[in-house]
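Q: Got a predicted structure here, sequence first:
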Amino acid sequence: MRNIVILLSGLLFVSQFVFSADIEAGKASFEGKCASCHGPEGLKPIMPLYPKLGGQNSAYLVKQIKAFQDGSRVDPTMSAMAKMIEGDEIENVAAYLESRGQEK
């Protein structure tokens, strides 16, 4: 039991470190590839029909980006844009957006 507690404590420490790094990488990717349409921090899209992404659940965002990539969700603009985000970058952007909270 003690070993499990030590292992979980270690994983928690490591995951917090990785999560912080992912958010910073995600912020850079979002600002370079997504913010021009979805707005700063994903909270003020340029068009009313574009979704506010800030504060959204990261698992949901990852699922949607992958759906645009594989064609199970179709939008001419997003299908093309989603293909520009690769590998860990998807999770990084999603983590960044989830960390933004909602507009007050």
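A: Received, thanks.

Q: which ones are touching the residue nearest the centre of the chain?
A: Nearest to the mean C-alpha position of the chain, counting by CA atoms, centre = their mean, stands residue 94 at 0.9 Å. Contacts for residue 94 (CB atoms under 8 Å, 6 or more residues apart in numbering) come out as 26, 58-59, 61-62, 65. Yep, even glycine has a C-beta here, placed from its N, CA and C like the rest.

Q: if we take those, which one ends up nearest to residue 79?
A: Nearest to residue 79 among the contacts of residue 94: residue 65, at 10.5 Å, using CB to CB.

Q: What separation do you get for that closest one and residue 85?
A: According to CB to CB, to the nearest Å, residue 65 and residue 85 sit 6 Å apart.

Q: Common neighbours of these two, please.
A: Listed as contacting both residue 65 and residue 85 by CB under 8 Å, 6+ apart are residue 93.

Q: number of nearby residues for the nearest residue to residue 47 once chain neighbours are set aside?
A: Counting by CB to CB, 6 or more residues apart in numbering, residue 47 lies nearest to residue 37, which is 7.4 Å off, once chain neighbours are set aside. Residue 37: 15 surrounding residues under other CB atoms under 10 Å.

Q: re earlier: and the furthest pair within the contacts of residue 94?
A: Longest span within these, CB to CB: 26 and 59, 14.1 Å.

Q: Neighbour count: the two, which is higher?
A: In this view residue 26 and residue 59 are compared by other CB under 10 Å, and residue 26 has more residues nearby, 25 against 11.

Q: what about that one, which SS state?
A: Here residue 26 is helix, with the state taken from DSSP: H, G, I helix; E, B strand; the rest coil.

Q: let's number from 759 now, not from 1
A: Happy to do that; since the first residue is 759 now, the last one works out to residue 784.

Q: Excluding chain neighbours, what is closest to it?
A: residue 854 is the one closest to residue 784 (CB to CB, 6+ apart), at 3.1 Å.

Q: check which helix or strand covers that neighbour.
A: helix 846-857 (DSSP states H and E).

Q: what's the answer for residue 819, then?
A: Under the assignment here (DSSP H and E), residue 819 is part of helix 816-828.

Q: so after that helix, what's the next helix or strand?
A: Counting by DSSP H and E, what follows helix 816-828 is helix 834-840.
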